[in-house]
Each structure stands twice: as C-alpha cells, then as structure tokens.
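> My questions concern the predicted model and sequence given below.
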Amino acid sequence: MPTHTRIRMFNTKETYPNQSLDNDLCQAVVAGNTVYLRGQVGTTFEGTLIGLGDPQAQTEQAMKNIKQLLEEAGSDLSHIVKTTTYITDPRYREPVYREVGRWLKGVFPISTGLVVSGLAQPQWLVEIDVIAVIPEQQ
C-alpha cells in the first residue's frame, strides 16, 4: 500500500511516443507535508510546447505548471523551499531567472542552477524542479 500521494500519473509510452520507453511516473508526489515536483518544462500538461526557441516563454509555462501542481497538492508558490533550474545555454540565465523571480517574489527559496548540454527533448531550453511544503492548518 503506497504511503505517498501521486499526482497526475502517466506512462512515458504515451507521453514520449518518439522514444521506446515504458516507465510509470507522475508529476508530483506528496510525502508527509512535503511536495516533490517533477522537472517542469515549457509544455502544457496536454503536451503542447509553448515558446519554441524562447527560454522566457518556456519558463513562464513551467512556472504555470508548477503553480497548478502545487495547488493540486494542497500547497502554493509561497511554500516553495527549493528550486533547481536547468538551462541548455548560459545566455538563457537572465531571461529564465528574471521570469522565475517574477513568480517567486518575496518567497526566498534556496536555489540551484545548472547549465546542461541538453534536456530530454531537444526543443526544451529550461527545466525547473521544485520542493515545497504543505502548510499546517491553523
């Protein structure tokens, strides 16, 4: 019997038909009062890429996804404790971090940023994963 809540479960066979994968994953896991989000990119949950070639637009979509997933888990952006941001080009740093900062103004999470040679799909320029908490009820 699972002790964690899994949100938006999916199989990679349907999500990535261009790859021969068959993995069961989910977008978020709630373990106790902690929410762990899968890395979010510039695609909608239906799989539509937003912002081809535009790191700021992809970041905005990733943050929309993060906001929605946290709310589905019983949390929100203000309860983010850690972000990890992956970009595929160091020149994307400013537009990506400016957009993340717009969404997280006043939150003050810890943050790790990495420049990587590529992400799971070649059109993805940025990926952001998040750890947040669910606040205790007052």
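That came through, no problem.
> Quick check: mean pLDDT of stretch 103-112?
Mean pLDDT, computed over stretch 103-112, is 98.
> contact partners of that stretch?
Residues outside stretch 103-112 that contact it (C-beta atoms under 8 Å, 6 or more residues apart in numbering) are 63, 66, 67, 77, 78, 80, 81, 82, 83, 84, 85. (C-beta placed from N, C-alpha, C; glycine too.)
> Can you check the pLDDT for the last one?
If I follow you right, that is residue 85. On the pLDDT scale, residue 85 gets 98.
> swap in the fifth one?
At residue 78 the predicted local confidence, pLDDT, stands at 98.
> Spit out the contact partners of residue 99.
Per C-beta under 8 Å, 6+ apart, neighbours of residue 99: 56, 59, 60, 63.
> Which of these sits closest to residue 124?
residue 59 (11.0 Å; C-beta to C-beta).
> if we can go back for a sec, and the buried ones among the contacts of stretch 103-112, selectable in ChimeraX?
Listed next is the ChimeraX selection for buried residues among the contacts of stretch 103-112, using 16 or more other C-beta atoms under 10 Å:
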select :63,66,67,77,80,83,85
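> In helices only, show me the contacts of stretch 103-112.
63, 66, 67 (DSSP state H).
> Adding pLDDT and distance to residue 28, write these out as TSV.
Listed next are these as TSV, based on pLDDT from 0 to 100; distance: C-beta to C-beta, whole Å:
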residue	pLDDT	distance to residue 28
63	98	15
66	98	9
67	98	12
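> can you list those residues in CSV and add distance to residue 113?
As requested, the ones in helices among the contacts of stretch 103-112 are arranged in CSV below (distance: C-beta to C-beta, whole Å):
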residue, distance to residue 113
63, 15
66, 16
67, 20
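> Looking at the residues you listed, which is nearest residue 98?
residue 63 (11.6 Å).
> Just to check, that closest one is in contact with residue 100?
Yes. The pair residue 63 and residue 100 qualifies as a contact (C-beta atoms under 8 Å) at a distance of 6.6 Å.
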